[in-house]
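# Quick check, what structure comes out for this input:
(one chain, ligands or ions: 3)
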Amino acid sequence: MSIVVQKFGGTSVADARKIHLAARRAIRAKMEGNQVVLVVSAMGHTTDELVRLAYEITDRPSKRELDMLLSTGEQVSIALMAMAIQEGGYEAISLTGAQIGMLTDSAFTRARIRSIDAGRLHDQLRRGRIVIVAGFQGVDADFNITTLGRGGSDTTAVALAAALQARMCEVYTDVDGVYTTDPRLVPQARKIDTISYDEMLELASLGAGVMHSRSIEFGKKFNVIIHVRSSLTDSPGTMIMSQPPGMEDVVVRGCTLKRDIGRITLVNAANRPGLVARIFEEIAARQLMVDDIIQNVAAGGDVVQLAFTVAGDDLREARLAAEAVGRQFDVAQIEVDDQLSRVSIVGVGMRSHAGVAARLFSTLAAENIRVHNVSTSEIVISVLVGSADGERALRAVHAAFELDREPAAT
Ligand code: ADP
Ligand code: ASP
Ligand code: MG
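Residues are numbered from 1 along each chain as shown. Ligands and ions are numbered 1, 2, ... in the order given. Got it, this is the predicted structure:
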């Protein structure tokens, strides 16, 4: 019997009616002869509300306690979902992350999955039950509750699909698929029918909030086909899968805007061996993630300007890291810029097409938008722009690469 994993995001379980709708979908999959595992998020804006409450108590909540708090949202929805399925006449059981042996590391608020005890789930499925698992949460080796980072229920779902060797992981959300960019920002955005793991991974990491980027890493590693679709209709959504032939014909598949980027610059540091190493040791010790690293050497190589960017949430901690190193390397000044956004274009077709960067830069120039930094990889070009220019840059880039049009058939 094949196993299907269905994941329902916050808006898809926002009230009793929506929970019943989702339950009906799960029952339908069960009636079609599948073993069904559901992964659910917290209802509506519950997680945001819990975060807000924590910050009402303190400016610096302990990350362990944040995870304890945030994980409660999902526990509410799994119990309600199990009741809805039972009400529909089917057997169901809700399980928390700990109860399915979702073992993670101890990086609170951004934990990574280490292993899952699939035996427990198989056992419940064999008994004919629909199993409902709390998304976004796990437990570390010391039984502390952890969470996987905002949006992490997608990762729970795909990781479960991999562990159970499910036929498919269906992700039900409030859009009918993955679009060329966030349709809330660019109304001309177009739904993509099929996208490769590599492209989706980049889009997700660079700001396409529709999928948690770790979920795509799991999908790619274990070859789980992910179907992103609307919880309100039956129309097909977007298939995320290995790269089908012909995919490189599309130069740019999509574009993203990531807001709230912070940049820290160590002005005039002594260019002694170990500077960069020390900075990144400090950053790593605080479990922060760095995006761009920008280094310029002046004064014949003796003095260096070293800048790096982090997510705005990490800016305060990153500054502490920079200050710790600054004292050792005679840094004249530490500058902090919190008014930046990153616009990126992504496409496997970039590997085989020239002139993509030129078109990106001339588009921004025509809009009179200043570029603060450029970074590239094989299938991505990113630019840092001022926060105030972010949305305008995204719209201009979307139009310039004709993402609002159906890709030409080849
Ligand atoms: P869920 O609660 O179901 O997990 P999310 O809010 O996390 O839903 O993700 C869905 C939202 O992602 C959409 O409403 C949309 O505004 C946003 N989004 C951002 N980028 C994209 C994109 N490229 N394609 C589709 N949706 C996107
Ligand atoms: N409830 C969590 C969040 O809002 C996890 C998720 O929805 O995927 O981030
Ligand atoms: Mg989400």
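# where does the stretch 101-250 of the chain come near ligand 2, residue by residue?
Applying Cβ under 6 Å from any ligand atom, we find that the stretch 101-250 of the chain lies next to ligand 2 at 135-136, 150-153. The way it works is simple: take the backbone N, C-alpha and C, and place the C-beta from them, glycine included.
# Make a markdown table out of those residues and add secondary structure.
Listed next are these as a markdown table, based on DSSP: H, G, I helix; E, B strand; the rest coil:
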| residue | secondary structure |
| --- | --- |
| 135 | coil |
| 136 | coil |
| 150 | coil |
| 151 | coil |
| 152 | coil |
| 153 | helix |
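# and the protein, what are its domains?
For the chain, the structural domains run 3-174, 245-410, going by automatic domain parsing.
# Between the ones you listed, which one is closest to residue 225.
Residue 225 sits nearest to domain 3-174 of all the domains of the chain, at 5.5 Å, using Cβ to Cβ.
# What residues does this structure have near ligand 3?
Listed as neighbours of ligand 3 in the chain under the rule Cβ under 5 Å from the ion: 9, 151.
# what about the helix-or-strand element of the chain with minimal mean pLDDT, distance to the chain center?
When the helices and strands of the chain are compared on mean pLDDT, DSSP states H and E, strand 293-298 comes out lowest with a mean of 82. Between the centre of strand 293-298 and the centre of its host chain there is 29 Å, according to Cα atoms, centre = their mean, to the nearest Å.
# for it, packing partners?
On a contact count with 3 or more Cβ pairs under 8 Å, 6 or more residues apart in numbering; DSSP states H and E, strand 293-298 meets strand 303-311.
# Go through the domains of the chain and name the closest to residue 227.
Using Cβ to Cβ, these put domain 3-174 closest to residue 227, at 4.9 Å.
# Quote the end-to-end distance of the closest one.
24 Å (Cα to Cα, to the nearest Å).
# So for that domain, mean pLDDT?
For domain 3-174, mean pLDDT is 97.
# Measure how far it is from the centre of its chain, please.
Chain-centre distance of domain 3-174: 16 Å, with Cα atoms, centre = their mean.
# circling back: most tightly packed of the domains of the chain?
The highest mean neighbour count among these, using mean count of other Cβ atoms under 10 Å, belongs to domain 3-174: a mean of 20.
# Could you see whether ligand 1 lies near that one?
Yes: interface with ligand 1: domain 3-174 contributes 9-12, 41, 151, 173-174 (Cβ under 6 Å from any ligand atom).
# Mind checking which of those land in strands?
Per DSSP state E, strands hold the following members of the residues of domain 3-174 next to ligand 1: residue 173.
# Without its sequence neighbours, what residue ends up closest to the closest residue to ligand 1 within the stretch 251-400 of the chain?
Going by Cβ to the nearest ligand atom, ligand 1 is nearest to residue 254 of the stretch 251-400 of the chain, at 5.9 Å. Nearest non-adjacent residue to residue 254, counting by Cβ to Cβ, 6 or more residues apart in numbering: residue 180, 4.6 Å away.
# pLDDT weak spots in the stretch 301-410 of the chain?
The model of the stretch 301-410 of the chain has pLDDT under 70 over residues 408-410.
# mind listing the strands for it?
Ranges of strands within the stretch 301-410 of the chain are 303-311, 333-346, 373-377, 380-386, based on DSSP state E, counting those that start in this stretch.
# what ranges do the helices span in the stretch 201-350 of the chain?
Applying DSSP state H, counting those that start in this stretch to the stretch 201-350 of the chain gives helices spanning 213-222, 275-285, 315-326.
# now these as TSV including distance to residue 339?
As requested, those are exported to TSV (distance: least, Cβ to Cβ, whole Å):
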stretch	distance to residue 339
helix 213-222	24
helix 275-285	21
helix 315-326	11
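# other SSEs contacting the longest strand seen in the chain?
Taking DSSP E as the criterion, the chain has its longest strand at strand 254-270. Counting contacts by 3+ Cβ pairs under 8 Å, 6+ apart, strand 254-270 packs against helix 197-205, strand 303-311, helix 315-326, strand 333-346, helix 390-400.
# Give me the sheet partners of that strand and which way each runs.
strand 303-311 (antiparallel), strand 333-346 (antiparallel) (DSSP bridges).
# Just the C-alphas of it, formatted as PDB.
Below are the C-alpha coordinates for strand 254-270, written out as PDB (Å, rounded to 0.1, in the frame of the first residue of the first chain):
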ATOM      1  CA  GLY A 254      12.000  33.000 -10.900                       C
ATOM      2  CA  CYS A 255      13.100  35.900  -8.700                       C
ATOM      3  CA  THR A 256      13.000  36.700  -5.100                       C
ATOM      4  CA  LEU A 257      13.200  39.600  -2.600                       C
ATOM      5  CA  LYS A 258      14.600  39.100   0.800                       C
ATOM      6  CA  ARG A 259      14.000  42.000   3.100                       C
ATOM      7  CA  ASP A 260      15.700  43.000   6.400                       C
ATOM      8  CA  ILE A 261      19.300  42.200   5.500                       C
ATOM      9  CA  GLY A 262      21.900  43.600   7.900                       C
ATOM     10  CA  ARG A 263      25.500  44.400   6.900                       C
ATOM     11  CA  ILE A 264      28.400  44.900   9.300                       C
ATOM     12  CA  THR A 265      31.500  46.500   8.100                       C
ATOM     13  CA  LEU A 266      34.900  46.400   9.900                       C
ATOM     14  CA  VAL A 267      36.400  49.600   8.700                       C
ATOM     15  CA  ASN A 268      40.200  49.600   8.400                       C
ATOM     16  CA  ALA A 269      41.100  46.400  10.100                       C
ATOM     17  CA  ALA A 270      44.800  45.300  10.200                       C
END
